[in-house]
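K.L.:
task: produce atomic coordinates for the following.
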Amino acid sequence: MNWWQILLVVLAANWLIPGVLCWGYVLWLWKISHDIKFMGWKKVSFIPIAAWKLISKKSWYAKLWNAWKGTGLFMNIIYEDDPGTRDDAFVLKTIIHETRHSWQWVVLGGSFVIVYFGDCGFIYLFQQNKHPYLDNILERDARRAAKERVDIPREQWIDGPNDRWPWW
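P.N.:
The predicted structure follows:
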């Protein structure tokens with residue numbers, strides 16, 4: 001095998017494997033567990049991103065959503081939109097934020113996981129005055145895209161100024 005063929009295989013695996021895993025996960029949630037509903041396509045540049053709304057309230061998956069409002073996966077977003085619990089502007093910002101994460105997946109491929117968790121780990125271990133989730137480079141980029149507050153001071157951290165655990 002030539003060097004360029006090896007490079008092609010590595011690059012294909014960086015996007016193909018995460019794409020298959022993310023789509024398999026989403027399709028399982030949709031068709032098997034019936035936890036999500038397809039809401040249409042969002043277009044970012046030339047990339048279509050599938051939007052899914054969480055509809056289940058009692059399943060194992062819905063219970064994970066106690067603190068989360070949405071998630072961005074490879075060419076997919078899943079978001080929560082219960083009537084009366086949040087205003088439309090909040091839901092729209094969540095959709096924009098998660099769409100940015102989905103776009104980050106498209107650009108970085110499987111490297112998204114390395115960058116995301118690597119930055120969380122680096123902040124947790126070496127930057128004691130920062131929050132591993134709130135100061136994560138990919139989270140800051142997603143908040144910036146959604147026109148949310150990017151710099152969150154320590155006294156406004158989600159679980160208090162001394163809680164640095166990234167996933168509540």
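K.L.:
quick check: phi and psi at the spatially closest residue to N14 that is not a sequence neighbour.
P.N.:
With sequence-adjacent residues excluded and distances taken as C-beta to C-beta, 6 or more residues apart in numbering, N14 is closest to G109, at 3.8 Å. From N, CA and C alone the C-beta is placed, and that goes for glycine too. Main-chain torsions, G109, degrees, to the nearest 10: phi 60, psi -140.
K.L.:
residues near G109, how many?
P.N.:
Neighbourhood size, G109 [other C-beta atoms under 10 Å]: 20.
K.L.:
run a quick neighbour tally on F122.
P.N.:
Per other C-beta under 10 Å, the neighbour tally for F122 reads 14.
K.L.:
sorry, that was for T71
P.N.:
Per other C-beta under 10 Å, the neighbour tally for T71 reads 18.
K.L.:
which of the three states applies to it?
P.N.:
Three-state call for T71 (DSSP: H, G, I helix; E, B strand; the rest coil): strand.
K.L.:
quick one: low-confidence ranges for the chain?
P.N.:
66-67, 83-86, 167-168 (pLDDT under 70).
K.L.:
what about the strands in it?
P.N.:
Using DSSP state E, the strands of the chain run over 36-44, 47-54, 70-73, 76-79.
K.L.:
helices or strands next to the longest one in the packing?
P.N.:
Okay, so that is strand 36-44. With contacts taken as 3 or more C-beta pairs under 8 Å, 6 or more residues apart in numbering; DSSP states H and E, strand 36-44 sits against strand 47-54, helix 88-108.
K.L.:
quick check: the spatially most central residue of the chain vs D151, distance?
P.N.:
Centroid-nearest residue in the chain: G72, 3.1 Å away (criterion: C-alpha atoms, centre = their mean). Using C-beta to C-beta, to the nearest Å, we find G72 at a distance of 21 Å from D151.
K.L.:
buried residues, the lengthiest helix in the chain. List them.
P.N.:
As assigned by DSSP state H, the longest helix anywhere in the chain is helix 3-27. Neighbour counts over helix 3-27 (16 or more other C-beta atoms under 10 Å) mark W15, P18, G19, C22, V26 as buried.
K.L.:
so what's the first one up against?
P.N.:
Shown in contact with W15 (C-beta atoms under 8 Å, 6 or more residues apart in numbering): V106, G109, G110.
K.L.:
reformat the residues you listed as JSON lines; add distance to K130.
P.N.:
Shown next, in JSON lines, are those (distance: C-beta to C-beta, whole Å):
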{"residue": "V106", "distance to K130": "27"}
{"residue": "G109", "distance to K130": "26"}
{"residue": "G110", "distance to K130": "25"}
